[in-house]
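In: Coordinates for the following, if possible.
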Amino acid sequence: MTRSKILVLIPARMASTRLPGKPLLDIAGVPMIVQVLRRAQEAAIGRVAVATDTPEIAAAVTAAGGEVVMTKPDHPSGSDRIYEAMCKLDPAGEAEIVVNLQGDFPTIDPQSISDVLPPLADPAVDIATLAAEIHTEEESLNPNVVKAVGSPLSGRRMRALYFTRATAPHGDGPRYHHIGLYAYRRAALERFVSLPPSPLEQQEKLEQLRALEAGMRIDVMVVDAVPRGVDTPADLETARRLLSQT
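Out: Purely as a prediction, here's the structure:
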């Protein structure tokens, strides 16, 4: 897959309640959204842009030399935001793969961004995502840790059967912490945003279940570690410490 066929989109908005103004908080001298932009650029898999409804975020990205697209403020999800951004940035439909990278992953390994792509070499796969093996009981029991349940296809790839906040699967054997980074085929993203919220999606509060309930195939690549999201002041300090060392 050539770089011209891949679009990496980073949705960002100011809606965080625990960390007001989160995308613009300083991490190692630049706003967090710029750190995420840099990780995506370092992955070097395709065109990178930030999708936002906030002029201040757009200004920060532009000042850092990044590409930005303004989107409507009332999207129900990040998937809807990146769909609008895709349509605006690529109206001719040249991009075949759209990567949705969360805007609060400033310390993500650029290799992890690249790792989401291999399953889409299989034409049967609609969406690809990531997970990492869980190693603690605390993580297994935490409902804020989404578990990816799937059938192994190879050493580092699974076909997703379900995603849940419950401790699953039951019994001995590995469990996997889902990482909210997705690569969609363009047609799959178009279909996904056209679907109404599904029953299990609404029950579990997990958007990706809409795709599974509609019969779409999601494959999961297993990576070594979960990237540190920034949701709390403590997360922010950790990210600052890590990136000040680079």
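In: Give me the number of neighbouring residues for E56.
Out: For E56, the count of nearby residues is 13 (other Cβ atoms under 10 Å). No exception for glycine: its C-beta is placed from N, CA and C like everyone else's.
In: In a helix, it, correct?
Out: Yes. The assignment for E56 by DSSP: H, G, I helix; E, B strand; the rest coil puts it in a helix.
In: Might one say that it is in contact with L24?
Out: Yes. Here E56 reaches L24: they are 6.3 Å apart, a contact under Cβ atoms under 8 Å.
In: Pull up the overlap in contacts between the two.
Out: M14 (Cβ atoms under 8 Å, 6 or more residues apart in numbering).
In: Return the distance of R191 relative to M216.
Out: R191 sits 7 Å away from M216, going by Cβ to Cβ, to the nearest Å.
In: can you give me the strands in this structure?
Out: Along the chain, the stretches classed as strands by DSSP state E are 6-12, 26-27, 30-31, 47-52, 68-70, 97-100, 127-133, 147-154, 157-164, 176-185, 218-223.
In: I figured D219 was touching S154, is that so?
Out: No. D219 lies out of contact with S154 (Cβ under 8 Å); the separation is 10.2 Å.
In: okay, those two: which has more neighbours?
Out: Using other Cβ under 10 Å as the criterion, D219 and S154 rank with D219 on top: 22 against 9.
In: quick one, what contacts the more buried one?
Out: Listed by Cβ under 8 Å, 6+ apart, the contact set of D219 reads 119, 122, 125, 127-129, 150, 153, 157-160.
In: Mind doing that once more with 6 Å?
Out: 119, 125, 128, 159 (Cβ atoms under 6 Å, 6 or more residues apart in numbering).
In: what about the residue nearest to the last one when sequence neighbours are not counted, how many neighbours?
Out: Going back to what we said before, that points to R159. Excluding the flanking residues, the one nearest R159 by Cβ to Cβ, 6 or more residues apart in numbering is S151, at 4.9 Å. For S151, the number of neighbouring residues by other Cβ under 10 Å comes to 10.
In: Same check on the one 4 residues further on?
Out: Look at G155: counted by other Cβ under 10 Å, it has 6 neighbours.
In: thought R47 was touching L9?
Out: No. Counting by Cβ atoms under 6 Å, R47 does not reach L9; the two are 9.2 Å apart.
In: out of the two, which sits in the more crowded spot?
Out: Counted by other Cβ under 10 Å, R47 and L9 do not tie: L9 has more neighbours, with 29 against 18.
In: distance of that one from A234?
Out: Separation of L9 from A234 (Cβ to Cβ): 28 Å.
In: just M14 next, same as before
Out: M14 is 20 Å from A234, where distance means Cβ to Cβ.
In: out of these two, which sits in the busier spot?
Out: M14 (16 against 9).
In: which non-adjacent residue is nearest V226?
Out: Leaving aside its sequence neighbours, V226 sits nearest to A132 (Cβ to Cβ, 6+ apart; 4.7 Å).
In: What residues are bridge-paired with that neighbour?
Out: Taking DSSP bridges as the rule, A132 bridges to H177, V223.
In: Let me know how buried it is, in neighbour terms.
Out: Neighbour count for A132, taken as other Cβ under 10 Å: 19.
In: pretty sure it contacts M221?
Out: No. A132 is beyond contact range of M221, at 9.9 Å (criterion: Cβ under 6 Å).
In: what's the pLDDT at the closest residue to V30 other than its chain neighbours?
Out: Distances taken as Cβ to Cβ, 6+ apart place A64 nearest to V30, at 6.6 Å, with adjacent residues excluded. With respect to pLDDT, A64 scores 97.
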